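Trainee: Build me a structure from this.
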Amino acid sequence: MVFTYLLGVSTERLHVAMIVAYTLVPALILYTIRALDYPFDGLVQVGPEAFEAVLSRMESHAGR
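Mentor: You can find the predicted model right below:
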């Protein structure tokens, strides 16, 4: 984030937009990593029904 202060930008508004963009990208990456590490918590959740359905399908196909 500190690197953006070294860039020469003509307007302050553009400089602020660049800092916001450079801050938003790592924040979204960290949020995505956390959401993928804990799929049963948070706003977007995966219910156990989906995993149980896949497990039963895999078990039925393994018996063939």
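
Trainee: so how far is stretch 28-41 from its chain's centroid?
Mentor: Its chain's C-alpha centre and that of stretch 28-41 lie 6 Å apart, by CA atoms, centre = their mean, to the nearest Å.

Trainee: Excluding its own residues, what touches that stretch? List them.
Mentor: Outside stretch 28-41, the residues that touch it by CB atoms under 8 Å, 6 or more residues apart in numbering are 42, 44, 45, 46, 48. The way it works is simple: take the backbone N, C-alpha and C, and place the C-beta from them, glycine included.

Trainee: need these in a markdown table with pLDDT, can you?
Mentor: Output for those, formatted as a markdown table (pLDDT from 0 to 100):
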| residue | pLDDT |
| --- | --- |
| 42 | 78 |
| 44 | 75 |
| 45 | 79 |
| 46 | 77 |
| 48 | 83 |
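
Trainee: Of those residues, which belong to helices?
Mentor: Cross-referencing these against helices under DSSP state H gives residue 48.

Trainee: shaky segments in the protein?
Mentor: Where the chain drops to pLDDT under 70, the residues are 1-5, 63-64.

Trainee: What are the buried residues along the longest helix seen in it?
Mentor: Across the chain, the longest stretch assigned as helix under DSSP H is helix 12-37. By 16 or more other CB atoms under 10 Å, the buried positions in helix 12-37 come out as residue 19.

Trainee: sec struct for the residue nearest to residue 46 when sequence neighbours are not counted, please.
Mentor: Spatial nearest neighbour of residue 46, chain neighbours left out: residue 39 (4.4 Å); criterion: CB to CB, 6 or more residues apart in numbering. With DSSP: H, G, I helix; E, B strand; the rest coil as the basis, residue 39 sits in coil.

Trainee: Count the residues that sit near residue 39.
Mentor: Counted by other CB atoms under 10 Å, the residues lying close to residue 39 total 13.

Trainee: Now the phi/psi pair for it, please.
Mentor: phi -70, psi -20 (degrees, to the nearest 10).

Trainee: One more: residue 46?
Mentor: Dihedral angles (degrees, to the nearest 10) for residue 46: phi -110, psi 120.

Trainee: what number of residues lie near it?
Mentor: By other CB under 10 Å, neighbour count at residue 46 equals 10.
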